[in-house]
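Q: Coordinates only, no sequence provided:
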């Protein structure tokens, strides 16, 4: 299938699939001629990708054009639509266009409807790679187990849950930390990872976003600041951290304010929740919380984002803005 659509917020899995395609299709001797990596945030590069997809490869192997941050199926642009449809008709069998994006293709878009026809005729392939929802512990466990299997690590009982509680379930970090565990197991000449091993490999200072969120909504501000400092010192980008905190606290606040509303689809739409079933889990978590506190917390988080973007010291910004919360 010459056109490959890869989307989802599990960036590590998306990148793995992209690399797999590139490595299997392109001849290493001709890679410099037959591999193009372009950025969809630049309109000119979008058109360049759609132009290059009509070119046959040089020498042996196939040609691959990778367009990251692909806007074609989510941003209305008649020029994109016209060019994509015309170029897709002329793509050689040995040329592959990879369109990668975090967002799912918008079913209302003309380009997405055309894409569905290409998929049906087997001229295009679509794959999605999303991280489990924050409330879906069962899927989180399966996710950890799958990554462990891919690394040939056997998990003992309750180890997947211990890993989640220690470092979370974000794919990039899981891959890094589990590779450390693999080295540990190799040194110990064993292949079964136990809960005791987890305690030794992932020190108590490891933290994660969900622990911080729980501390914040429980008004355990000193503990939340300590965990934030740990994450930042471990190399977590402050802007990504504040984005995750703001997103989740915003959802909690909206659900709490609409606690008496029975229309789950309406709440889902306002809170930006794709699965209405998640609301039951959130309501259980925040039903006894103070809405005024969450609103005030949201204001502080937005202030933190503002100061971070102005280049202020991250640890000072978080500490100064959260310390006075009660």
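A: Perfect, I can see it now. Note that the coordinates shown come from a computational prediction; the quantities given were computed from them, not determined experimentally. Residues are numbered from 1 along each chain as shown.

Q: CA only for contacts and neighbour counts going forward, please
A: Noted.

Q: buried set for the helix or strand that contains residue 164?
A: Element membership for residue 164, per DSSP states H and E: helix 159-167. Neighbour-count burial for helix 159-167 flags 159, 160, 161, 162, 163, 164, 166, 167 (criterion: 16 or more other Cα atoms under 10 Å).

Q: Show me what that helix packs onto, helices and strands only.
A: In terms of contacts (3 or more Cα pairs under 8 Å, 6 or more residues apart in numbering; DSSP states H and E), helix 159-167 is packed against helix 137-150, helix 195-201.

Q: Does anything pack onto the last one? Which helices or strands?
A: Under the contact definition 3+ Cα pairs under 8 Å, 6+ apart, helix 195-201 sits against helix 159-167, helix 171-187.

Q: hmm, who's touching it?
A: For helix 195-201, the external contacting residues (Cα atoms under 8 Å, 6 or more residues apart in numbering) are 156, 157, 158, 159, 162, 163, 180, 181, 184.

Q: Please repeat the previous calculation with a cut-off of 6 Å.
A: residue 159 (Cα atoms under 6 Å, 6 or more residues apart in numbering).

Q: Now do the next helix or strand after it against helix 159-167, angle only.
A: Note on helix 195-201: by DSSP H and E, the next helix or strand toward the C-terminus is helix 209-217. Angle of helix 209-217 versus helix 159-167, following axes from the mean of the first three to the mean of the last three Cα atoms, to 10 degrees, is 60 degrees.

Q: Could you list the low-confidence segments of the chain?
A: Across the chain, the ranges flagged by pLDDT under 70 are 1, 203-207, 274-275, 326.

Q: Outline the domain layout of it.
A: Listed by automatic domain parsing, the domain ranges of the chain are 3-128, 137-201, 212-322.

Q: Of the ones you listed, flag the one that's most buried.
A: Of all the domains of the chain, domain 3-128 has the most neighbours on average by mean count of other Cα atoms under 10 Å, namely a mean of 18.

Q: Give the residue farthest from the middle of the chain.
A: Distance from the C-alpha centroid of the chain, by Cα atoms, centre = their mean, peaks at residue 59 (36.5 Å).

Q: Could I get the phi/psi values of the nearest residue to it once chain neighbours are set aside?
A: Leaving out its chain neighbours, the residue that sits closest to residue 59 by Cα to Cα, 6 or more residues apart in numbering is residue 30, at 6.6 Å. The phi/psi pair for residue 30 (degrees, to the nearest 10) reads phi -120, psi 10.

Q: Tell me the spacing between the residue lying closest to residue 258 once chain neighbours are set aside and residue 249.
A: Using Cα to Cα, 6+ apart and skipping the chain neighbours, the partner closest in space to residue 258 is residue 267 (7.1 Å). Residue 267 is 15 Å from residue 249, where distance means Cα to Cα, to the nearest Å.

Q: Residue 4 belongs to a helix, doesn't it?
A: No: assignment of residue 4 by DSSP: H, G, I helix; E, B strand; the rest coil gives strand, placing it outside any helix.

Q: who's it bridged to?
A: Listed beta-bridge partners, residue 4: residue 98, residue 125 (assigned using DSSP bridges).
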